[in-house]
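>>> need a 3D model of the sequence below.
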Amino acid sequence: MLSLRHILNLHKIFLIALTLIFFHILAPQSNAFQPSVGSWAFVGLNNYIIHSIAVDPNSPNILYAGTHSFGIFKSTDGGGSWNAINNGITNHAGYFTEIVVDPTNSNIVYAGGVGVDDGNTGILKSTDGGASWVYAHNGITDVGFGGPPADVNSMIIDPNNPTILYVAIGNRCGAVYKSTDSAATWSRTSGLACDPTVIRIDPFNSNVLYTRTGWGQGINNSVDGGLNWSNISSFGANSGFFALAIDPFGSNNLYANDNTGVYKSTDSGLSWSLSSGALNNVYKALVGDPVRPNTVYAGEDAGIETSAYMTTNGGSTWTNITNGLPDVGVKRLLVSASDPNILYAGTEAGIYAYGLVPNNQSPVIGTFTVPTNPVIIDSNVNISTTFSDPNINDTHTAVWNWGDNTTSTGTVTESNGSGTASGVHTYTTAGVYTVGLTVIDNHNTSANATYEYVVVYDPSAGFLTVGGQYDSQAGWDIQNPSAVGKVILGISAKYIQNNTAPTGNAKVNFKVGDINFTANSYQWLVVNSSKAYLMGSGTINGSGNYTIFVSAIDGSQTGGQNLIRVQLKDSSTQSIIYDTQPGQSEIVDPTTPVINGSVKVH
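This is a model prediction of the structure:
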């Protein structure tokens, strides 16, 4: 259902496009840009109406633009030059509303539009970065309106599973369609009125989606991955607006528009209130900033004077940011997470870029690679980890904290903000060490991570003997948390000359909890002054495969109590089934007193 305003807008677009066809030569256009903070700079494609923009999430210098009447363009140099990429697109008389790049494979690109169909539906896919396209509308069929729904109003990809896509299709009673196989097939979802205008996905929960429909429904949501929809608000009912944005920092906050302004919901779309500012003509250009909390951008698409706006307080106030932007309709706005210091605008006079105040993000530290076996003292310990940074132009340094009161500078190897940090260290004292890493970017923003734990042992030093009882408290037996009572234990462990693994025996019997552990081997023993750590394997009640971790303090050396910690794990699942200090790191000091017995650390 189109209002008079939308009919006039379409007429305006048609006249502009018709004029361009007569004098425009389809050739690559070049215009390098460098936006200053707080102003707009022209990027390119000045003789085109731009309805969609995409930035490669893995390479911010690769840009895509969907135009009216001239198809899709691509730049590989950050907008310095552009080339049409329409091989396989049989119809581009209309306009491309969406371009979506697979975040895990930049060669896979999807596009959709209005009036660009091949007689069926205007969904296209490329597997070679846009060099060639094929139509991908299998499963979208006629539902009794003289042909299949044809016009793609909106398209999104699941950020957590890029094989899943959604499209909101209009014309001939369109609907939201879902693909779970990278657009090979589509299925129609249920519960919506005809012709939804937009589709959005919750950034924190991919099962939650929102859409708008103009046939008396307004705002709809799905909580089952788009299979079924419910009407949750009449806001925007019977209007043809397409804007809907979800706050990337709090998905209960939504932004949408109608002919009176931009509205905000703080309860996941159930109720809406008008935000401040005279943004009366926002049609589709409404987007949240992926790295700046409470920041939203809006562009007016029609009216006596068109403008761009931003809010940095969640819509309480809006600031005009039209400096350097021509007085033409703003069709689309985009801030890419891969280059979050640029706001792109698709307008009726090409693409413009606005310089945002840099917002530096912290690097992210990945998985540690460490020795899986205990390390003998006075030998090198090599450790490394990966890291990444959303600010791909950042450079990094690293500092290792080895847990023995020493630190060292790490070796960093990186490209485009991501890489590895490695280090090597020699421990001269047996112990169980927590290793820390700090990665610092060139803006002095840092990230910290720890690894527990590196085990360093001395096969020539010491042994451990424990005998006696302790009182098991409620919650220590994970499978029987109410079980309390006496635990009887006997442990002996020592290294034999030239052996890398200790020998001995260990028994832990908690009768009330039906836990009778017997060790059949030890992996390592660490003795450090009055404290000892022991790791072994064994059975419970004569079967299974379980790991025992024991830490102990010899009270005769400290002048205090004999203390013990016992932790049992299922070796196959690594699930803790018993722990005298649940939820605590293994390297903290033991706290359970041994009664009627002793702890000897030699």
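>>> quick one, helices of the stretch 501-602 of the chain?
Using DSSP state H, counting those that start in this stretch, the helices assigned to the stretch 501-602 of the chain run over residues 555-558.
>>> what about residue 184, distance to residue 396?
For residue 184, the distance to residue 396 equals 40 Å [C-beta to C-beta, to the nearest Å]. Backbone N, C-alpha and C define where each C-beta goes, glycine included.
>>> three-state assignment of residue 129?
Following DSSP: H, G, I helix; E, B strand; the rest coil, the label given to residue 129 is coil.
>>> apart from its neighbours in sequence, what residue is nearest it?
Nearest residue to residue 129, sequence neighbours excluded (C-beta to C-beta, 6 or more residues apart in numbering): residue 107, at 4.9 Å.
>>> any idea how many residues pack against that neighbour?
By other C-beta atoms under 10 Å, 12 other residues sit near residue 107.
>>> how about the contacts made by it?
Counting by C-beta atoms under 8 Å, 6 or more residues apart in numbering, residue 107 touches 126, 127, 128, 129.
>>> run the last query once more with 6 Å
Contact partners of residue 107, counting by C-beta atoms under 6 Å, 6 or more residues apart in numbering, are 127, 128, 129.
>>> distance of it from residue 574?
The gap separating residue 107 from residue 574 is 38 Å, by C-beta to C-beta.
>>> same check on residue 566?
Going from residue 566 to residue 574 by C-beta to C-beta gives 17 Å.
>>> quick one: which of the two has more around it?
Taking neighbours as other C-beta under 10 Å, residue 566 and residue 574 compare with residue 566 leading, 27 against 8.
>>> where does pLDDT dip in the protein?
Scanning the chain with the threshold set as pLDDT under 70 gives 1-34, 240, 277-278, 303-306.
>>> which other helices and strands contact the longest strand along it?
Counting residues, the longest strand found in the chain (DSSP state E) is strand 515-528. Helices and strands touching strand 515-528, by 3 or more C-beta pairs under 6 Å, 6 or more residues apart in numbering; DSSP states H and E, are strand 446-457, strand 503-510, strand 531-540.
>>> just put those strands in a markdown table and tack on distance to residue 76 and mean neighbour count.
Formatted as a markdown table, the helices and strands packed on strand 515-528 follow (distance: least, C-beta to C-beta, whole Å; neighbours: other C-beta atoms under 10 Å):
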| stretch | distance to residue 76 | mean neighbour count |
| --- | --- | --- |
| strand 446-457 | 31 | 18 |
| strand 503-510 | 64 | 18 |
| strand 531-540 | 54 | 21 |
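>>> out of the ones you listed, flag the one nearest residue 523.
Counting by C-beta to C-beta, residue 523 lies closest to strand 531-540 out of those; the figure is 4.5 Å.
>>> how many degrees apart are that closest one and strand 515-528 in direction?
If you take axes from the mean of the first three to the mean of the last three C-alpha atoms, to 10 degrees, strand 531-540 sits at 150 degrees to strand 515-528.
>>> strand 531-540 versus strand 446-457: what angle between them?
Going by the same axes, to 10 degrees, strand 531-540 is angled at 80 degrees with respect to strand 446-457.
>>> for this structure, just list every one of the helices.
With DSSP state H as the criterion, the chain has helices at 4-23, 555-558.
>>> distance from the shortest one to the middle of the chain?
If I follow you right, that is helix 555-558. Here helix 555-558 is found 50 Å from its chain centre; the criterion is C-alpha atoms, centre = their mean, to the nearest Å.
>>> counting neighbours, what do you get for the nearest residue to residue 130 once chain neighbours are set aside?
The shortest distance from residue 130 to any non-neighbouring residue, by C-beta to C-beta, 6+ apart, is to residue 85 (4.2 Å). Around residue 85 there are 22 other residues, counting by other C-beta under 10 Å.
>>> report the contact partners of residue 85.
Residues in contact with residue 85 (C-beta under 6 Å, 6+ apart) are 72, 74, 130.
>>> how about residue 111?
Residues near residue 111 by C-beta under 6 Å, 6+ apart: 96, 99, 124.
>>> which of these lies closest to residue 532?
The nearest member of the contacts of residue 111 to residue 532, counting by C-beta to C-beta, is residue 99 at 62.3 Å.
>>> excluding sequence neighbours, find me the nearest residue to that closest one.
Here the residue nearest residue 99, using C-beta to C-beta, 6+ apart, is residue 54, at 4.0 Å.
>>> between residue 184 and residue 396, which is the more surrounded one?
More crowded of residue 184 and residue 396, by other C-beta under 10 Å: residue 396, with 21 against 12.
>>> what separates the more buried one from residue 535, distance-wise?
Residue 396 is 35 Å from residue 535, by C-beta to C-beta.
>>> ranges for the strands of the stretch 51-200 of the chain?
In the stretch 51-200 of the chain, the strands defined using DSSP state E, counting those that start in this stretch lie at 63-67, 72-75, 81-84, 95-101, 109-114, 123-126, 134-135, 151-157, 165-170, 176-179, 187-188, 196-201.
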